[in-house]
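Q: The following comprises the amino acid sequence and a computationally predicted model.
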Amino acid sequence: MEFRTFDVDGPVEIIPRKIQDERGYFSEIFRASDFMKRVGDVDFVQENQSLSARAGTIRGIHFQIAPFVQAKLVRCTAGKMLDVAVDLRRGSPTFGRWVGTTLTADENNLLWIPAGFGHAFCTLEPNSVITYRVSNYYSAEHDKGVAWNDPQIGIRWPELADPGTLSAKDVAQPKLADLPPYFTVEKNKCGSL
C-alpha cells in the first residue's frame with residue numbers, strides 16, 4: 001500500500017497495490033497494522049454506504065461534534081467521485097483549507113479524514129456508491145455542517161456539480177466564519193469542545 005499525504009496535515013490517501021492476471025486482480029484494501037503506523041490507533045465502530053444516482057450530486061460538508069466526533073475512512077465502491085476534506089481545527093495553520101482526491105471503484109483508493117475535518121463529495125459518474133468506516137456512532141444531535149460553497153473555503157467543484165442535488169440540510173449550513181470553534185489545535189493535537 002502507498003500512503004500519500006497532502007499540503008494539509010491530517011488527511012491521507014491510501015492507494016492499494018493490485019496483483020493482476022488474466023482473471024482480473026486482487027487488492028488488499030485495508031491492513032490495520034500498516035494503517036495504524038501511519039495514522040495512529042483508530043477503532044471503527046460503524047460502516048455507512050450511500051448511493052448517488054446522478055452524476056454531479058453534492059453531499060456535505062459534514063462532521064460531528066463532541067462527544068460523537070468522527071474520523072472517516074472513505075472509499076468509492078462503484079463509479080467515481082471527488083472526495084474532499086476541510087480543516088475545521090481552529091488554531092491550525094491550515095484552518096479552512098481543503099484537500100481532495102478522485103476516488104474510483106477501479107483504483108480502490110481510500111481517503112483517511114481525521115477528526116476535526118469536514119467531509120464532502122461530488123459524484124463524477126451516475127450510480128456512484130461511497131462507503132465509509134467511522135470512529136464513532138452517528139448522532140443526529142451532534143451532526144453539523146458548513147456551507148459547501150463557502151468562498152472562504154473555496155472548494156473547486158467539478159463543472160458538473162449540481163447544487164440542485166443538495167439536501168435541505170446542506171443548503172442551510174452556515175459559513176465557516178459563523179461556525180463555533182468545535183475543534184481546536186493545541187500543541188499539535190486536535191481537541192474538540
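A: On my side now, so go ahead. Numbers count the residues shown, from 1 in each chain.

Q: How many residues are close by Asp7?
A: By the criterion of other Cβ atoms under 10 Å, Asp7 has 8 neighbours. Where you see a C-beta, it was placed from the backbone N, CA and C, and this is true even at glycine.

Q: cool, and Lys18?
A: Applying other Cβ under 10 Å, we find 13 residues neighbouring Lys18.

Q: Now for it: which residues touch it?
A: Listed by Cβ atoms under 8 Å, 6 or more residues apart in numbering, the contact set of Lys18 reads Tyr25, Phe26, Ser27, Asn108.

Q: hmm, which two among the residues you listed are most spread apart?
A: Spanning the widest gap among the contacts of Lys18 are Phe26 and Asn108, at 10.5 Å by Cβ to Cβ.

Q: of these two, who's got more company?
A: Taking neighbours as other Cβ under 10 Å, Phe26 and Asn108 compare with Asn108 leading, 19 against 11.

Q: Quick check: the more buried one vs Val129, distance?
A: To Val129, Asn108 is 13 Å away according to Cβ to Cβ, to the nearest Å.

Q: and if you look at Gly60?
A: Distance, Gly60 to Val129, using Cβ to Cβ: 16 Å.

Q: of those two, who's got more company?
A: Looking at Gly60 and Val129 with other Cβ under 10 Å, you find the greater number of neighbours at Gly60, namely 23 against 16.

Q: Restrict the helix or strand hosting that one to CA atoms and write it as CSV.
A: Gly60 belongs to strand 58-64 when assigned by DSSP states H and E. The C-alpha coordinates for strand 58-64 follow below in CSV (Å, rounded to 0.1, in the frame of the first residue of the first chain):
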residue,chain,number,x,y,z
ILE,A,58,-23.1,17.1,-4.0
ARG,A,59,-23.1,15.9,-0.3
GLY,A,60,-21.6,17.8,2.6
ILE,A,61,-19.7,19.4,4.1
HIS,A,62,-20.5,17.2,7.2
PHE,A,63,-18.9,16.5,10.5
GLN,A,64,-19.9,15.5,14.1
